[in-house]
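>>> Below is the structure, and that's it, no one-letter string:
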C-alpha cells in the first residue's frame, strides 16, 4: 500500500515523535511505500527503510503545541493561545501541502497524529482526492489542549466523525475522548491499538555500561543542549553501582517528586543502590533541590543511549500524577526484562495489567510507592530476573511494532481499506 503519515512535529524526543518514527519504519519493513510529512529539520539522521521518505511541508511561522518546546526555524506556541486566524493559517498551510502531495502521488490511506491539528489537516487535505484518512489520538492534545476549551473540542469533533478510522492507545484514551467530545459517529470507527515497543532494541542483553559511557562522552549538544545528556553524565554514572531508573520528562505531572520523596526513605535501607533520573524539562531545577543521597540526574538521553542504559537498571519506576495514554516507558523497560512500578491509573494501569506479575502499581501516595519499590528490591535477584523475563515475553506477544503497525491497516480498518 501507499501510505502517508502526517505528524506536526519532529521525529526524535518523546511521545508521538517516537511513535511516528517507529510506525513509519515498521510499515516500510512490511513492504509498504511510506511518506512522512513532519517538521523534522534533519531527515538525513533517520533511516526509516527503503520504502520510506520524510517530507517537511511549510508550516510556519507558528507551530501549535500542547507543551511548550523549541523547534528549529519555527516559533512554538500553546495551541490554546492561537487566535482563530492563526489556527486557520496553520491549517491552510498544512492541508494545502497534504493536498498537493496527494495530487503528486496518490495514497491509499493517510494516518494523522492528534485530534488537533492532525484531524482537521487530514479532513481538509484529503477532501479533493477523497483519500481515506484515520486519526491517531494521543493523550497530549486531550489533556493539555482540548480539556477546558470548547473551541478546540469543536475543531476536533468534526474531523473525527468524518474519519474512516480513529485509533486510541488505551481504553483510558477512549474514555477521555468521549468525556471531552461527547458521543458521535467516530465511536463506531474507534479501535484500541496501543503504541509499540522496539523489542529488538530494548532487550535484556542489550545494555552495556562501557558502550553507554562512550556514547555519552561523544554526544555533542547542538542548538538545544537540554535535549542532550549533561557533559559529565558518564562520569557521574561511573560512580553508581546498582540503580533504580526513571526516564521521561522532568515535569511535576510526571510524578518525579514522589519518587524522590520515596527514595529518601528507601536509600538508607539500600546503601549500595542509587536512583538515576534521566530526562529534561522545566522542573529540573526544582526536582534537583528535592534530591537526597545517591541521586544522579543525567540530562536527556536519546534512544540509542537509553537502549544501553535501561537493561543495566534494577527496576524502572513510572510515577506519573496525571493520566498517561499508554505506559510506553514501562513497556520498554519490561522489554528489557525489568520489573516496573507504575501509577495505578489510566494507560499505565492497563500496561501493568498486560505485564502481569512483572509490574507493580501504587496508589499515588509516597507511602505506597515506597512499599512497591521496596517489595521488588527485596526479591532475590534470580526471582526478579525470572519475573522480568516473563514480562518480556508479554511485551513481545502484545506490543511489537510490526504487530501494531499492521493492526493500523489490516486489523481494525473497515474492509474497504484493507
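That came in fine, so what should we check first? Keep in mind that what you see is a predicted model, and the values were worked out from it rather than measured.
>>> Buried residues of stretch 189-206, list them for me.
189-190, 192-199, 201-203, 206 (16 or more other C-beta atoms under 10 Å). C-beta here means a position set from N, CA and C on the backbone, and glycine is covered the same way.
>>> and it, how far from the chain's centre?
Mean C-alpha position of stretch 189-206 versus that of the full chain (C-alpha atoms, centre = their mean, to the nearest Å) differs by 11 Å.
>>> related to what we said a few turns ago, save the buried residues of stretch 189-206 as JSON lines, and put in distance to residue 267 and secondary structure too.
Converted to JSON lines, the buried residues of stretch 189-206 look like this (distance: C-beta to C-beta, whole Å; DSSP: H, G, I helix; E, B strand; the rest coil):
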{"residue": "189", "distance to residue 267": "50", "secondary structure": "helix"}
{"residue": "190", "distance to residue 267": "45", "secondary structure": "strand"}
{"residue": "192", "distance to residue 267": "39", "secondary structure": "strand"}
{"residue": "193", "distance to residue 267": "40", "secondary structure": "coil"}
{"residue": "194", "distance to residue 267": "34", "secondary structure": "coil"}
{"residue": "195", "distance to residue 267": "33", "secondary structure": "coil"}
{"residue": "196", "distance to residue 267": "35", "secondary structure": "coil"}
{"residue": "197", "distance to residue 267": "31", "secondary structure": "strand"}
{"residue": "198", "distance to residue 267": "32", "secondary structure": "coil"}
{"residue": "199", "distance to residue 267": "33", "secondary structure": "coil"}
{"residue": "201", "distance to residue 267": "31", "secondary structure": "coil"}
{"residue": "202", "distance to residue 267": "27", "secondary structure": "coil"}
{"residue": "203", "distance to residue 267": "30", "secondary structure": "coil"}
{"residue": "206", "distance to residue 267": "28", "secondary structure": "coil"}
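>>> Could you identify the helix or strand that succeeds the longest helix along the chain?
Counting by DSSP state H, the longest helix found in the chain is helix 84-104. Where DSSP states H and E defines the elements, the next helix or strand beyond helix 84-104 is strand 109-113.
>>> Could you name the helices and strands sitting against that following strand?
strand 2-6, helix 16-29, helix 119-125, strand 133-136 (3 or more C-beta pairs under 8 Å, 6 or more residues apart in numbering; DSSP states H and E).
>>> Surely residue 217 is in a strand?
No - with DSSP: H, G, I helix; E, B strand; the rest coil as the criterion, residue 217 is helix rather than part of a strand.
>>> residue contacts, it?
residue 234 (C-beta atoms under 8 Å, 6 or more residues apart in numbering).
>>> where's it relative to residue 123, distance?
48 Å (C-beta to C-beta, to the nearest Å).
>>> got it, and residue 346?
From residue 346 to residue 123 the distance is 28 Å (C-beta to C-beta).
>>> cool, residue 16 as well?
19 Å.
>>> Compare these two and say which is more crowded by neighbours.
Comparing residue 16 with residue 123 by neighbour count (other C-beta atoms under 10 Å), the higher total belongs to residue 16, at 25 against 21.
>>> right, and residue 43 touches residue 56 too?
Yes - using C-beta atoms under 8 Å, residue 43 is in contact with residue 56, at 7.1 Å.
>>> Walk me through the domains of the protein.
Split into domains by automatic domain parsing, the chain comes to 2-196+401-417, 209-398.
>>> Comparing those domains, which yields the minimum mean pLDDT?
Per-segment mean pLDDT for the domains of the chain reaches its minimum on domain 2-196+401-417, at a mean of 92.
>>> Residue 364 belongs to a helix?
No - counting by three-state DSSP, residue 364 is not found in a helix; it is coil.
>>> And it, how far from residue 400?
Distance from residue 364 to residue 400, by C-beta to C-beta: 31 Å.
>>> so who does residue 349 touch?
Residue 349 touches 172, 342, 343, 361, counting by C-beta under 8 Å, 6+ apart.
>>> With distance to residue 278 and neighbour count as new columns, can the residues you listed be given to me in a markdown table?
Formatted as a markdown table, the contacts of residue 349 follow (distance: C-beta to C-beta, whole Å; neighbours: other C-beta atoms under 10 Å):
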| residue | distance to residue 278 | neighbour count |
| --- | --- | --- |
| 172 | 25 | 22 |
| 342 | 17 | 29 |
| 343 | 18 | 27 |
| 361 | 22 | 20 |
